[in-house]
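A.B. asks: A structural model of the following input is requested.
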Amino acid sequence: MTPAPVIIAVDGRSGAGKTILAVELAARLRMHHKVSLFHLEDIYPGWNGLAAGIERYVTTVLAPLHNGDAAEWVSWDWEKHYDGRSHVTLPAEIVIVEGVGAAASAARPMLDAVVWVDAPDDERKHRALARDGSSYEQFWDSWASQEDEWLETDDVLEHLDVRVRNRADGNAPEDVLQALNYLPSLSPVLAPELSARRGLSLNYERHEGVLPDPAALFSGLYGDSPRAVWLDSSNASGNSTAPGADRRRFSIMADDSGTYGQWARHAGGVTTITAGQASVAAEGLFFRWLDSVWGRRTLKGPDGYECGFTLGWLGYLGYELKRETGGSNVRSHTPDAQLIFAGRAVVLDHQSGHVWALTLDPDDGEWLARVRHAVGRSSGKPLPAPGTPPVPSFSSRDTEDDYKGKITDAQHQIAEGNTYEVCLTTTVSAKDPGLDPWETYLALRNRNPAPFASYLRFGELTVASTSPERFLRITSDGGMRAEPIKGTRARANDPVIDDALRRGLESSLKDRAENIMIVDLLRNDLSHFAVPGSVTVSRLCAVESYATVHQMVSTIDAQLRPGAPRAEAVAAAFPAGSMTGAPKVSTMDILDQLESGPRGIYSGAIGYFSLNAATDLAVVIRTLVMGPDGDAGRMLSLGVGGAITADSTPLDEYEEIRTKAFGVLSALGAEFPEG
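C.D. replies: Reported below is the predicted structural model:
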């Protein structure tokens with residue numbers, strides 16, 4: 001008897017493409033493993049024998065293979081319509097069983113992975129008849145009825161590991177192999193496949209000359225991509241040696257296309273990863289999953305390339321992931337996290353003027369040519385100004401009196417000693433009057449350019465951010481930096497008044513106290529995974545000016561301990577202390593009581609997790625979320641908030657959230673709701 005094999009079932013209805021997929025998958029796995037392949041169609045006892053065939057397969061094939069024994073079984077003679085010859089299927093390191101019923105309930109306890117293959121009904125019939133000829137046509141309906149009967153009594157669709165929407169274009173086997181790597185039950189045996197992926201090198205082209213218009217370049221390359229991310233340093237111009245200049249040097253744009261492209265979506269405690277046509281669901285904590293796919297220093301950038309991103313994951317983490325970092329479990333209206341894995345991307349260096357096209361695929365010449373063409377077309381040619389869009393009418397989750405009342409409640413919690421500072425937020429929202437998400441973002445970035453602006457498109461969900469605040473950066477060599485913002489004043493058109501507003505913020509004892517409390521909180525957050533003694537504050541309560549506001553910013557630096565898990569270091573600081581208050585955990589509980597609903601994406605983080613183990617994340621503020629409303633329409637939502645301390649006055653705090661909302665609302669021609 002040999003050791004028990006890893007058994008993968010490839011199931012689905014007739015004509016979905018299971019057989020070809022299983023054969024191609026076996027061929028790929030045979031590069032590193034011994035693989036046996038069994039087809040259930042060899043054992044079904046006739047055209048009415050689905051149920052009997054499943055029983056035969058489980059008892060005579062699957063059970064012995066599961067025990068590491070050879071399986072002796074009798075095939076069906078389709079010409080004589082009776083039992084045919086005897087066969088033996090030997091166990092191997094990996095066994096693939098394929099056919100309708102391969103993952104039936106009686107089989108599942110003996111399976112390590114279930115792959116379900118889908119295809120539209122009309123395509124399935126066409127494929128099946130093209131494969132098996134006219135002899136199958138007269139039995140198509142009766143066989144389909146047997147499949148219906150089986151699926152009515154067997155909840156196989158509730159026990160899938162990988163789901164494949166098979167387009168029959170030859171890509172499904174590679175997509176399935178990528179998806180299988182995410183299953184804990186298969187990760188040990190698929191270590192060679194995973195190592196091969198981690199051993200990839202970075203291929204690139206560098207373009208010099210006139211820096212292309214970023215918006216035109218993104219539109220040309222990714223305008224039609226269903227999922228795409230643009231991390232947009234939209235205020236890139238300016239003094240490259242000024243404080244914070246590193247935040248606005250690089251812009252990154254990518255989608256999930258290409259050989260290595262993937263998409264991850266976390267909701268309800270399940271991370272669903274889609275690789276092309278295949279999807280796999282991984283139950284468990286998001287940050288634990290993130291640790292399994294990121295944090296290993298494996299891919300360096302080319303000479304002369306100074307951006308921290310060398311391909312990897314990009315997207316957002318929603319605020320409600322706080323359930324994994326000490327907060328309570330609040331359900332969000334949007335997925336808790338969405339990321340794309342970019343196996344190729346374009347990076348703009350606004351300081352040097354270079355454009356870098358990066359790809360993991362050494363045969364990606366066609367895409368590199370597309371980038372060359374797009375860079376040429378976009379150089380010095382900004383997109384035309386959009387037309388006049390309809391103006392949305394926003395309403396607030398809290399009236400002015402309600403919000404001021406909650407400020408008083410927060411101050412009561414402070415007086416009771418339950419917290420020192422409470423970042424109280426609310427949401428303004430509107431029914432979408434017919435805005436174009438892309439043109440809406442262009443209006444936002446034009447009105448309120450920011451170092452951490454971003455445009456994220458995940459199907460029907462669009463995130464348009466003009467955030468000025470860095471949450472956390474970890475460089476590939478372990479340097480950590482947080483740059484919280486606390487303290488805001490509106491800009492004035494009159495230079496004298498504007499300068500007075502700036503100086504007033506600089507000298508405000510209340511704002512400095514708010515900022516220093518968050519600095520202390522973040523020093524503690526970073527210290528959990530920092531080299532002892534390495535946590536320093538290199539800038540305290542400095543004022544930076546943006547298009548619509550002055551902001552008070554501090555900088556905390558630290559050095560990550562060698563070998564420390566980077567995803568856990570991110571989790572230790574999440575969500576950003578500037579969006580919770582201090583102390584963090586108890587204050588998050590207070591906020592859950594005060595606020596009237598989930599924050600969703602707002603107050604979370606947007607950025608990247610790079611293959612060189614670096615990350616750079618922004619706090620999700622000044623951000624418009626455009627998502628489906630559940631009624632075939634779309635809702636617009638904007639989160640706003642401010643820090644409440646014992647010295648806060650309700651009127652001033654309410655005016656501060658109006659100020660923070662102004663940059664986004666004014667770009668839409670909208671006003672802050674009254675009442």
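A.B. asks: Which secondary structure state is assigned to residue 487?
C.D. replies: strand (DSSP: H, G, I helix; E, B strand; the rest coil).
A.B. asks: What helix or strand is residue 85 located in?
C.D. replies: Using DSSP states H and E, residue 85 sits within strand 82-89.
A.B. asks: What strands line up against that strand, and which way round?
C.D. replies: Strand 82-89 pairs in its sheet with strand 71-77 (antiparallel), by DSSP bridges.
A.B. asks: Please list the outside residues in contact with the strand it pairs with.
C.D. replies: 38, 42-46, 49, 56-57, 60-62, 64-65, 82-91 (C-beta atoms under 8 Å, 6 or more residues apart in numbering). Every C-beta, even on glycine, is put in place using the N, C-alpha and C of the backbone.
A.B. asks: which of the residues in it are buried?
C.D. replies: Neighbour counts over strand 71-77 (16 or more other C-beta atoms under 10 Å) mark 71, 73, 75, 76 as buried.
A.B. asks: what do you get for stretch 192-206?
C.D. replies: 193, 194, 200, 202, 203, 204, 205, 206.
A.B. asks: average pLDDT across it?
C.D. replies: Computed over stretch 192-206, the mean pLDDT rounds to 81.
A.B. asks: and that stretch, how far apart are its ends?
C.D. replies: 32 Å (C-alpha to C-alpha, to the nearest Å).
A.B. asks: mind listing what's buried in stretch 497-506?
C.D. replies: 498, 501, 502, 505, 506.
A.B. asks: okay, how far is it across stretch 446-466, tip to tip?
C.D. replies: Stretch 446-466: ends 10 Å apart by C-alpha to C-alpha.
A.B. asks: Stretch 567-582 now?
C.D. replies: Termini of stretch 567-582 sit 22 Å apart (C-alpha to C-alpha).
A.B. asks: ranges for the helices of the stretch 401-550 of the chain?
C.D. replies: 437-447, 495-506, 509-527 (DSSP state H, counting those that start in this stretch).
A.B. asks: which residues touch the last one?
C.D. replies: This points to helix 509-527. With C-beta under 8 Å, 6+ apart, helix 509-527 has contacts from 420-421, 480, 482, 484, 486-487, 505, 535, 537, 540-541, 552, 554, 556, 558, 572-573, 577-578, 581-584, 643, 645, 647-648.
A.B. asks: how about residue 441, what does it touch?
C.D. replies: Here residue 441 is in contact with 455, 462, 464 (C-beta under 8 Å, 6+ apart).
A.B. asks: now with 10 Å?
C.D. replies: By C-beta atoms under 10 Å, 6 or more residues apart in numbering, the contact list for residue 441 reads 215, 218, 230, 232, 234, 435, 453-457, 462-466, 624, 626, 667.
A.B. asks: Just the buried residues of the residues you listed.
C.D. replies: Using 16+ other C-beta under 10 Å as the threshold, 215, 218, 230, 232, 234, 435, 453-457, 462-466, 624, 626, 667 are the buried ones among these.
A.B. asks: what bridges to residue 359?
C.D. replies: residue 203, residue 344.
A.B. asks: how near is it to residue 604?
C.D. replies: Going from residue 359 to residue 604 by C-beta to C-beta, to the nearest Å gives 29 Å.
A.B. asks: cool, residue 313 as well?
C.D. replies: Residue 313 is 15 Å from residue 604, by C-beta to C-beta.
A.B. asks: So if I had to pick from these two, which one is more boxed in?
C.D. replies: residue 604 (31 against 22; other C-beta atoms under 10 Å).
A.B. asks: Torsion angles phi and psi at that one?
C.D. replies: In terms of degrees, to the nearest 10, the main-chain angles of residue 604 are phi -90, psi -140.
A.B. asks: and what of residue 306?
C.D. replies: Dihedral angles (degrees, to the nearest 10) for residue 306: phi -110, psi 0.
A.B. asks: Residue 300 is in contact with that one, correct?
C.D. replies: No. The criterion here is C-beta atoms under 10 Å, and residue 306 misses it with residue 300 at 12.0 Å.
A.B. asks: just the strands in the stretch 151-300 of the chain please.
C.D. replies: Along the stretch 151-300 of the chain, the stretches classed as strands by DSSP state E, counting those that start in this stretch are 162-165, 203-207, 227-232, 250-255, 262-267, 270-275, 278-283.
A.B. asks: Isn't residue 254 up against residue 339?
C.D. replies: No. At 11.0 Å, residue 254 does not count as touching residue 339 under the criterion of C-beta under 10 Å.
A.B. asks: out of the buried residues of stretch 192-206, which one sits closest to residue 166?
C.D. replies: residue 193 (20.6 Å; C-beta to C-beta).
A.B. asks: Touching, the closest one and residue 33? I think so.
C.D. replies: Yes. Residue 193 is in contact with residue 33 according to C-beta under 10 Å; the separation is 9.0 Å.
A.B. asks: low-scoring pLDDT stretches of the chain, where are they?
C.D. replies: 1-2, 132-134, 196-198, 237-245, 297 (pLDDT under 70).
A.B. asks: Contacts only, for the residue most central in space within it.
C.D. replies: Nearest residue to the geometric centre of the chain (C-alpha atoms, centre = their mean): residue 339, 1.5 Å. Each residue near residue 339 by C-beta under 10 Å, 6+ apart is listed here: 227, 229, 256, 262-266, 271, 273, 286, 290, 293-294, 312-317, 456, 458, 607-609.
A.B. asks: Kindly state the beta-bridge partners for it.
C.D. replies: residue 264, residue 315.
A.B. asks: What separation is there between the residue of the chain positioned farthest from its centre and residue 528?
C.D. replies: Distance from the C-alpha centroid of the chain, by C-alpha atoms, centre = their mean, peaks at residue 80 (54.8 Å). The gap separating residue 80 from residue 528 is 71 Å, by C-beta to C-beta.
A.B. asks: got it, and residue 295?
C.D. replies: Taken as C-beta to C-beta, the span from residue 295 to residue 528 is 15 Å.
A.B. asks: and the two? which has more neighbours close in?
C.D. replies: residue 295 (22 against 14).
A.B. asks: you'd agree that one is up against residue 566?
C.D. replies: Yes. Residue 295 is within contact range of residue 566, at 3.9 Å (criterion: C-beta under 10 Å).
A.B. asks: what touches both of those two?
C.D. replies: With C-beta under 10 Å, 6+ apart, residue 295 and residue 566 have common neighbours 474, 609, 613, 614, 615.
A.B. asks: quick revisit: so what sits against both of residue 254 and residue 339?
C.D. replies: Joint contacts of residue 254 and residue 339 (C-beta under 10 Å, 6+ apart) are 227, 229, 312, 314, 608.
A.B. asks: just the angle between the host helix or strand of residue 609 and strand 250-255, please?
C.D. replies: If you go by DSSP H and E, residue 609 is part of strand 605-610. With axes from the mean of the first three to the mean of the last three C-alpha atoms, to 10 degrees as the basis, strand 605-610 and strand 250-255 are set at 80 degrees to each other.
A.B. asks: From the contact counts, what lies against the next helix or strand after strand 605-610?
C.D. replies: The helix or strand immediately downstream of strand 605-610 is strand 615-619, counting by DSSP H and E. Counting contacts by 3 or more C-beta pairs under 10 Å, 6 or more residues apart in numbering; DSSP states H and E, strand 615-619 is packed against strand 312-317, strand 452-458, strand 461-467, strand 470-474, strand 479-483, helix 566-573, strand 605-610.
A.B. asks: Could I get these in TSV, plus columns for distance to residue 24?
C.D. replies: Shown next, in TSV, are the helices and strands packed on strand 615-619 (distance: least, C-beta to C-beta, whole Å):
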stretch	distance to residue 24
strand 312-317	27
strand 452-458	30
strand 461-467	33
strand 470-474	39
strand 479-483	44
helix 566-573	33
strand 605-610	31
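A.B. asks: Quick one: closest of these to residue 674.
C.D. replies: strand 461-467 (23.8 Å).
A.B. asks: Tell me which strands the closest one pairs with, and in which orientation.
C.D. replies: Partners of strand 461-467 in its sheet, by DSSP bridges: strand 452-458 (antiparallel), strand 623-628 (antiparallel).
A.B. asks: Redo the ones you listed as a markdown table? Include distance to residue 248.
C.D. replies: Output for the strands paired with strand 461-467, formatted as a markdown table (distance: least, C-beta to C-beta, whole Å):
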| stretch | distance to residue 248 |
| --- | --- |
| strand 452-458 | 8 |
| strand 623-628 | 17 |
